[in-house]
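[1] Starting from these lines, generate the structure:
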Amino acid sequence: MSHVSCESAWKPTIQFENLKKRAAILAKIRQFFADRDVLEVETQALSHATITDPYIHSMIATCHEVDGSHCEEMYLQTSPEFAMKRLLAAGSGSIYQICKAFRNGEIGSQHNPEFTMLEWYRIDFDHHDLMQEMDELFQFAIQTPPAKKISYQKLFEEKLKINPHIATAKELENCAIKNGLTNITGNDPEDRDMWMQLLMSEIIEPQLKEGVFFIYDYPATQAALARIRQDEFPVAERFEAYINGIELANGFHELADAKEQRTRFENDLIKRAKSNYPSVKIDENFLAALANGFPNCSGVAVGIDRLVMIALKAKSIRDVICFPYDIA
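    Numbering: from 1, shown residues only. Purely as a prediction, here's the structure:
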């Protein structure tokens, strides 16, 4: 998207009535957590390290002394997760944060490179406890109906007649072709997660148009920062939330094992290299916090701009933020 240059480019894209409604939603969110004695915190936007996820791309900021004697690259944070987990490891108790986050390559009707995120962590909650609290937050803040909860496995079995935990890459590919997904290029055909994510985004998500949905217990290969539980198949204690077909949140029963987390980070870097994405620095402070002792907790990140879009029935993120990327 090119820079807009015209006489009206200085004006905000949000209507003031929507700006007031956005402020009211934020006030309700803060009231919700105050009523539950969850502490609001504020952490840094700049860090020496960043997330390794091969599908999320960080922005780099160059920092230097006034006289130019010292210069280094830092990262604008894609979420406050690692910093908040350092607070948890230090004994903060349950916390939440509303802040700006930054991601490269995310521009569109539901995306802006700079966006507002709500992230919170609850001590001694598992992912089911957190889904319940999140459902209560949605009902309180934007008056949604009660959520429907379904496991990742059951969803695939209901919509596609396939078990994602045991299906081979070829079986997933055949399922994609059967459902009209053809000419898939630029991807590794042996990558099971690629096929599952494709089936989820292209076939299943469009069927989640009415109401609130929580999808939980993802394949272990998609654990990210979640604990893995050994059932009939190993599953990641992770969930995602959708409202009216819009993906809104990603939550975990948080992994507390520093060694396992380092292994996942290193595997991410291998995937980034294979995709020719820039290597990034692993957050050693975060890993040190985990190694020091991390409480049993669950956490989730929610896109505030999308939440406001849903509440106001807005078609574009431009209708709920003041100055989007092209006129910032």
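
[2] Tell me where the model's unsure across the stretch 1-150 of the chain.
    1-6 (pLDDT under 70).

[3] At which residues are the strands of it located?
    Counting by DSSP state E, counting those that start in this stretch, the stretch 1-150 of the chain has strands at residues 39-40, 46-47, 59-64, 71-76, 95-102, 114-123, 148-151.

[4] what element comes up after the one helix or strand N174 maps to heading to the C-terminus?
    Element membership for N174, per DSSP states H and E: helix 169-178. Downstream of helix 169-178, the next assigned helix or strand under DSSP H and E is helix 192-199.

[5] what angle sits between that following helix and helix 169-178?
    20 degrees (axes from the mean of the first three to the mean of the last three C-alpha atoms, to 10 degrees).

[6] Who are the packing partners of helix 192-199?
    helix 152-160, helix 169-178, strand 212-219 (3 or more C-beta pairs under 8 Å, 6 or more residues apart in numbering; DSSP states H and E). (Glycine included, C-beta is placed from N, CA and C.)

[7] what's the distance between the most centrally placed residue in the chain and Q222?
    Central residue of the chain (C-alpha atoms, centre = their mean): N250, 4.6 Å from the mean position. Distance of N250 to Q222, given as C-beta to C-beta, to the nearest Å: 10 Å.

[8] list residues touching both of these two?
    Shared contacts of N250 and Q222, defined by C-beta atoms under 8 Å, 6 or more residues apart in numbering, are found at R238.

[9] quick revisit: my guess is the residue nearest to the centre of the chain is in a helix, correct?
    No: with DSSP: H, G, I helix; E, B strand; the rest coil as the criterion, N250 is assigned strand and is not in a helix.

[10] show me the residues around it that make contact.
    Contacts of N250 by C-beta under 8 Å, 6+ apart are 224, 238-241, 300-301.

[11] switch to 10 Å and redo it
    79, 218, 224-226, 238-241, 299-303 (C-beta atoms under 10 Å, 6 or more residues apart in numbering).

[12] Now that we have those, which of them are buried?
    Buried residues within those, counting neighbours by 16 or more other C-beta atoms under 10 Å: 79, 218, 225-226, 238-241, 299-303.

[13] The residue of the chain positioned farthest from its centre: what's it in contact with?
    Within the chain, the residue lying farthest from the chain centre (C-alpha atoms, centre = their mean) is D67, at 38.5 Å. With C-beta under 10 Å, 6+ apart as the criterion, no residue contacts D67.

[14] repeat for the one 10 residues further on
    Q77 sits next to 43-47, 49-51, 58-59, 83, 99-103, 117 when contact means C-beta under 10 Å, 6+ apart.

[15] From those residues, list the buried ones, please.
    43, 45, 47, 49-51, 58-59, 83, 99, 101-103, 117.

[16] Widest-spaced pair of these?
    Maximum pairwise distance among the buried ones among the contacts of Q77 (C-beta to C-beta): 18.3 Å, between A49 and M117.

[17] dump the residue contacts of C71.
    Per C-beta under 10 Å, 6+ apart, neighbours of C71: 62-65.

[18] Let me know whether I14 touches N112 as I believe.
    No: using C-beta atoms under 10 Å as the test, I14 is too far from N112 to be in contact (12.0 Å).
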